[in-house]
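A.B. asks: 3D model of this:
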Amino acid sequence: MSLKHDSIETFSKKYQELYTKRKIILSFPQFVELLQGKTRKYIRNAAGYLLDTFKHYGKDHVNNYKLYESDRFKVFDLKTDRNGAIVGGESVHNEIYNYVDNFARNGYVDKLILLHGPNGSSKTSTIEKISHAMEKYSQTDDGAVYRFNWIFPAEKELGMLEFSQAKKIGFDAQKEKSIYQNTFAFLPEHKIQAKISSEFKENPVFLLPIQYRETVLRNSIAKQEKIKPEDVLLPAHILKNGLSKKNQQILECLLAAYNGDLNKVLRHVQVERFFYSSQYRVGISSVEPQMSVDAMDRQITVENYFANLPSILQTQSFYQYSGELVEANRGILEFSDFLKRPVESFKYLLNTIESGVLNLSSGGTNLDILYFGTTNDKHLDAFKTIPDFSSFKGRISLLTVPYLLLPNEEEKIYQDDVKNIERTTKVLPLAMKILCKWAVLTRLKQADPKLYPLKYTGLLNKLDPFYKLKLFQNERIQPKFTREEEKDLREIRQDLWKESKGMIVYEGRFGASPREIKEILYRAAQNKKFQEVSPMAIFFELEQLMKNTSLYEYLQFEPRGEYHDVKYFIKVLMDEYIETFERQVMESMAIADESEYTSYLHRYVQHVVSYIKKEDLWDEATSNQIPPSEALMTHVEKILEIKESILNHRNSILGRIAAFKLENPEKELNTNDIFSEYLNLIKLHFFNEKKKLIENIYKTMIEINEKGCNTSASEDAKSIANKTYNNMIENFGYSKESAFRCLQFVMNEKKK
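C.D. replies: Residues are numbered from 1 along each chain as shown. Just a heads-up that it's a prediction; the model follows:
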């Protein structure tokens, strides 16, 4: 199939319109005109540009399980070909933003931002997201950024331009047609004898002499911001000599040739918009640990190309620059696995970062780069032991990037993987929850009671990893803890979350990495023993993992109570899965309407509140005021197996309602949400009362799949069994076959 000529013409016109709209090529006077509009936008350094990138994409406010409140920058929600949004990490992202903000305010970058943490904790992905955001932002009107080229026409073209000595380029100059015509910026290629590009991508504004530059920038910004010129605070970098040696040489030679006529010099300038690109290393570059050379220069005067330059320039020794530091100028440079490099290279790199100057044999050049690095904690620990660490420390900003500690967040990491797998293989409900909970459990560490008041010591010794996880996710931790004990632990909940922050061995430094969890997930999907990614497949793969203790450091930890006991984690997760699955099955049986349980709980809460307040309550059935029923309250409290004082328990119900209203003043009161654990216990109680009927339905559900129509079950039992299957499909996402396999597995486990 070939493209029609008119289609190509249409596309070509549209692209030409876009090219013109984006102002890809400008003369220097046109660039000056842009400066008149938004001066600060066009004099940003790399830090200011990245800061504006963050602001361009905006932010949300998050309050994760009431553990911490933070801004969530949408830069880290942008999807790339390789990765989706970065889950969690808000504290790290906010610290990065604060550092960049400081660099932008100061007008220079003097530190390396070094992200450290365990393998697979999204250190590199964080830098990739920032780079990707800069790439996308540079394609917008607000993100336009420019460099320049020197254009030298053929000799016969030199006479076509006549610059008047009276004409000046400045911010207050009127738009004169001749200024735009008298430029070599738009010469066709066949009329250009030589074109010199700048490898450092310097801002064209640096072509203006410093004294004149400061004056015109102050006047322009003062006019835009409606303040006095002397009150304008200019960034430090814009008042430096920002040109590389080669460009400074060319500028000085041309000024000499034109007797100081800047207008005639600037007609040789072609201003070019560029777009950040990590793929093509334009303003974004990375250095691998095995790479030892970060920048170099090479003399090029003798090459044939430069023989075409005007004679005034042929006497100069020009150098061509290359390397990652050069590529990254005006953008971002990442040092991957930074601490794997030789110690001597640290000194060179950190001196370059601190001074902001690249020193080569041909001379020094001011750099405009944001420096990021990544390393794992083992290399950082070793680095801290070297004698020079104290001198290095002042030039590095360390940011810890731990593993996630909330299973519900962990699960979001694998959303795209689950979608990919489900193209061919079903991923059953609860499978990912089990896998993610296991992963987080391997990362938790035991709380240190010495860091808390004495009254919490017993509670913290009793707090195992499962209940610590529940506490983090703001779930109820009864019946293991009494109401008062739970209240006490909730008082230090945020302290527990932050306890190890800043420590050498912090929570989230060790444990299963997301890479390993993905590997387990894909192995489960490929395992021929299982028809789908089921909880059974996950448990099987976890058991297989246990056999490779030499490969995974966290499998070698000595258990401390239940902490670090990865085999025990599987057992408890198995028990929890059986309980959860049975609850799903029983709910799907619909032996009793859901509203019956919620109504019963609601009545109980109403009667308790009236009892505490010593008030009567309105009875819909009799249309009269009645006293609270002691019989109803006592019956429910037996179901709930209340161990504390009944009066204290009833008072706590009123307290929970009051706390809910205080925290959620605009939210409607919902007893099912506030007392969800009570609702589950009430359901379980009524199901236990119908245990024989339920066991019979379980048996019928298995027989229906194994024997089909040949089952001896009654029609009522078969009807309920089929209804249960249908409800599990509709309400919980099972297929009939997968629900059967899970039920069979659960029944077999219960027999053991």
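
A.B. asks: shouldn't Glu485 be in contact with Tyr456?
C.D. replies: No. Using C-beta atoms under 8 Å, Glu485 is not in contact with Tyr456; the gap is 9.9 Å. Just so you know, the C-beta spots here come from the backbone N, C-alpha and C atoms, and that holds for glycine as well.

A.B. asks: Show me whatever sits in contact with both of the two.
C.D. replies: Common neighbours of Glu485 and Tyr456 are not found (criterion: C-beta atoms under 8 Å, 6 or more residues apart in numbering).

A.B. asks: Show me what secondary structure element comes after the longest helix seen in the chain.
C.D. replies: Identified as the longest helix of the chain according to DSSP state H is helix 566-589. Note on helix 566-589: by DSSP states H and E, the next helix or strand toward the C-terminus is helix 594-613.

A.B. asks: Now do the buried residues in that following helix.
C.D. replies: When burial is assessed from 16 or more other C-beta atoms under 10 Å, helix 594-613 yields the following buried residues: 597-598, 600-611.

A.B. asks: returning to what we had before: which of the residues in the longest helix of the chain are buried?
C.D. replies: Applying 16+ other C-beta under 10 Å to helix 566-589 flags 566, 568-570, 572-574, 577-578, 580-582, 584-589 as buried.

A.B. asks: what's the angle from that helix to helix 594-613?
C.D. replies: 100 degrees (axes from the mean of the first three to the mean of the last three C-alpha atoms, to 10 degrees).

A.B. asks: chain center to helix 566-589, what's the gap?
C.D. replies: 32 Å (C-alpha atoms, centre = their mean, to the nearest Å).

A.B. asks: List the neighbours of that helix that are in contact with it.
C.D. replies: By C-beta under 8 Å, 6+ apart, the residues outside helix 566-589 that reach it are 429-430, 434, 437-438, 441-442, 465-466, 535, 539, 542-543, 546, 554-555, 559, 562, 594, 680, 683-684, 687, 694, 697-698, 720, 723-725, 727-728, 731-732, 739, 742-743, 746, 749-750.

A.B. asks: Repeat the analysis, applying 6 Å as the threshold.
C.D. replies: Contacts to helix 566-589, defined as C-beta atoms under 6 Å, 6 or more residues apart in numbering, come from residues 434, 438, 441-442, 466, 535, 542, 562, 687, 724, 727-728, 732, 742, 746, 749.

A.B. asks: just those residues: which has the poorest pLDDT?
C.D. replies: The lowest pLDDT within the contacts of helix 566-589 belongs to Phe687, with 75.

A.B. asks: pLDDT wise, what is Ser362 at?
C.D. replies: At Ser362, pLDDT is 77.

A.B. asks: ok, how many other residues are close to it?
C.D. replies: Neighbour count of Ser362, defined by other C-beta atoms under 10 Å: 18.

A.B. asks: I'd say Phe557 and His564 touch.
C.D. replies: Yes. Counting by C-beta atoms under 6 Å, Phe557 sits close enough to His564 to count as a contact (4.0 Å).

A.B. asks: Compare the two and say which is more crowded by neighbours.
C.D. replies: Between Phe557 and His564, counted using other C-beta under 10 Å, His564 has the larger neighbour count: 23 against 16.

A.B. asks: Am I right that that one is in contact with Leu555?
C.D. replies: No. His564 is beyond contact range of Leu555, at 9.1 Å (criterion: C-beta under 6 Å).

A.B. asks: And stretch 413-429, what's buried?
C.D. replies: Quick answer for stretch 413-429 (16+ other C-beta under 10 Å): 413-414, 417, 421, 425-429.

A.B. asks: Identify the farthest-apart pair in these.
C.D. replies: Ile413 and Lys426 (20.0 Å; C-beta to C-beta).

A.B. asks: which strand in the protein runs the most residues?
C.D. replies: Scanning the chain for the strand with the most residues, using DSSP state E, yields strand 145-153.

A.B. asks: and it, average pLDDT?
C.D. replies: 95.

A.B. asks: State the paired neighbours of that strand in the sheet, together with their directions.
C.D. replies: Strand pairing for strand 145-153, determined by DSSP bridges: strand 192-197 (antiparallel), strand 269-274 (antiparallel).

A.B. asks: and the closest residue to Lys201 other than its chain neighbours, what does it touch?
C.D. replies: Once flanking residues are discounted, Lys201 sits nearest to Arg147: 4.1 Å by C-beta to C-beta, 6 or more residues apart in numbering. Residues near Arg147 by C-beta under 6 Å, 6+ apart: 198, 201, 272, 274.

A.B. asks: Tell me the one among these nearest to Leu325.
C.D. replies: Nearest to Leu325 among these is Lys201, at 12.3 Å by C-beta to C-beta.

A.B. asks: how would you label the closest one: helix, strand or coil?
C.D. replies: coil (DSSP: H, G, I helix; E, B strand; the rest coil).

A.B. asks: what about it, how many neighbours?
C.D. replies: 22.

A.B. asks: Would you confirm that it contacts Glu327?
C.D. replies: No. With contacts counted by C-beta under 6 Å, Lys201 stays clear of Glu327, the gap being 9.1 Å.

A.B. asks: got the contact list for stretch 98-117?
C.D. replies: For stretch 98-117, using C-beta under 6 Å, 6+ apart, the contacting residues are 47-48, 50-51, 123, 235-237, 353-354, 356, 370-375, 377, 380, 395-402.

A.B. asks: Emit the ChimeraX select command for whichever of those are buried.
C.D. replies: A single ChimeraX command selects the buried members of these (16+ other C-beta under 10 Å):
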select :47,48,50,51,123,235,237,353,356,370,371,372,373,374,375,377,380,395,396,397,399,400,401,402
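
A.B. asks: and the contacts of stretch 98-117, which of them are in strands?
C.D. replies: Short answer: these in strands (DSSP E) are 370-375, 396-400.

A.B. asks: so, if you compare these, which one comes nearest to Tyr68?
C.D. replies: Thr400 (14.6 Å).

A.B. asks: circling back to that earlier point, make JSON lines out of the strands paired with strand 145-153 and add mean neighbour count.
C.D. replies: Shown next, in JSON lines, are these (neighbours: other C-beta atoms under 10 Å):
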{"stretch": "strand 192-197", "mean neighbour count": "16"}
{"stretch": "strand 269-274", "mean neighbour count": "21"}
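
A.B. asks: Those: which one's closest to Gln211?
C.D. replies: strand 269-274 (19.3 Å).

A.B. asks: immediately after the closest one, which helix or strand?
C.D. replies: strand 284-287.

A.B. asks: For that next one, give the mean pLDDT please.
C.D. replies: So the average pLDDT for strand 284-287 ends up being 93.

A.B. asks: for it, packing partners?
C.D. replies: helix 324-327, strand 331-335 (3 or more C-beta pairs under 6 Å, 6 or more residues apart in numbering; DSSP states H and E).

A.B. asks: Paired strands for the last one, with orientation please.
C.D. replies: Paired strands of strand 331-335, with direction, are strand 284-287 (parallel), strand 369-375 (parallel) (DSSP bridges).

A.B. asks: So Gly84 is in contact with Asp416, correct?
C.D. replies: Yes. Applying C-beta under 6 Å, one finds Gly84 in contact with Asp416, separated by 5.1 Å.

A.B. asks: still on that earlier bit, can you tell me which of the helices and strands packed on strand 284-287 is packed in deepest?
C.D. replies: strand 331-335 (a mean of 26; mean count of other C-beta atoms under 10 Å).

A.B. asks: Now do that one: everything it contacts.
C.D. replies: Here strand 331-335 makes contact (C-beta under 6 Å, 6+ apart) with 46, 127, 131, 276, 283-287, 369-373.

A.B. asks: Then stretch 416-429?
C.D. replies: With contact meaning C-beta under 6 Å, 6+ apart, stretch 416-429 is reached by 84, 518, 525, 532-534, 732-733, 738.

A.B. asks: Mean pLDDT per element in this structure, and the minimum belongs to which helix or strand?
C.D. replies: When the helices and strands of the chain are scored by mean pLDDT, DSSP states H and E, helix 177-181 comes last with a mean of 46.

A.B. asks: quick one: Glu677 is in a helix?
C.D. replies: Yes. Counting by three-state DSSP, Glu677 is part of a helix.
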